[in-house]
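Trainee: A structural model of the following input is requested.
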Amino acid sequence: MRKILLILAGLGVVVLIGVVIVISQIDVSEYKEQALAQVEKATGRKASIDGDLDLSISLSPAIIAEGVRFANADWGSRPDMATIKRIEVKVALLPLLGGEVEIQRFILIEPDVLLEKNAAGKGNWEIGAADSTDTGETSNEEMTAIDIGTVLVKNLKLVYRDAASEKPVEFSIDTLKLDSIDDDQLKLELKAALDENSINVNGTIGSLEQLFDNNDYPIDINADFGPAKTTLKGIVS
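Mentor: Residues are numbered from 1 along each chain as shown. Predicted structure coming up:
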């Protein structure tokens, strides 16, 4: 019985190595334009990747994109609403073979984001599909569930500008890290600054799924804003 188990384990390793070899032959740069076209279809805005789109092969493959841009509204004060120096998405191989997407690590390096409102009160973040037509029908296609282990943002710059206000608000993040503890809880670490006031936050919050689903959202954090310190614990409805 022991020999049979060892043989099966060996065959499993051989199959896994074969899968890695096959994936390594994929040139993901060939799919760059297709991916960008899907972004434009979903948002009505152009996106571009100035650098390469690469695939790093291992038991946890990683897709790496450099020089990513997302277009601003046509009335915006600059061409791009957001630019990102580097995006890295590392996925677990075995769940991927079973049709599940398990993102072990999602990294954003030097995002530069501009949020702005025009004189009519419209925000540049208000986006819609290029061919958006509400037919009232629900798609039969089910979205693939995506699990994310770690989210890491480094050196983010965010500016909020309102046409009704003379001075923009500037927010920067040195480090933002979210680690999945379980399906409903994330560990949060934040080092940031708002208009030259330092911000440090540590603690736990609810999952990203809870946040996007507008469910009751649990928080248990300690926060420093300059010299002020506070603790927040409870449910945000």
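
Trainee: Spell out for me which residue occupies the centre of the chain.
Mentor: The centroid of the chain falls nearest to Phe106 when counting by CA atoms, centre = their mean (6.2 Å).

Trainee: surely that one meets Asp147?
Mentor: No - between Phe106 and Asp147 there is no contact under CB atoms under 8 Å: 11.0 Å. For the C-beta atoms, the positions are set from N, CA and C on the backbone; glycine is no exception.

Trainee: returning to that earlier point: what's the closest non-adjacent residue to the residue nearest to the centre of the chain?
Mentor: Excluding the flanking residues, the one nearest Phe106 by CB to CB, 6 or more residues apart in numbering is Val151, at 4.9 Å.

Trainee: Name the helix or strand for that neighbour, please.
Mentor: strand 146-162 (DSSP states H and E).

Trainee: any residues touching that strand, and which ones?
Mentor: 77, 100-117, 168-180, 208 (CB atoms under 8 Å, 6 or more residues apart in numbering).

Trainee: Just those residues: which are in helices?
Mentor: Leu208 (DSSP state H).

Trainee: Report the buried members of the contacts of strand 146-162.
Mentor: Applying 16 or more other CB atoms under 10 Å to these, the neighbour count classes 102-104, 106-108, 111-117, 171-173, 176, 178, 180 as buried.

Trainee: Which secondary structure state does Asp74 sit in?
Mentor: coil (DSSP: H, G, I helix; E, B strand; the rest coil).

Trainee: meant to ask about Gln210, not that
Mentor: With three-state DSSP as the criterion, Gln210 reads helix.
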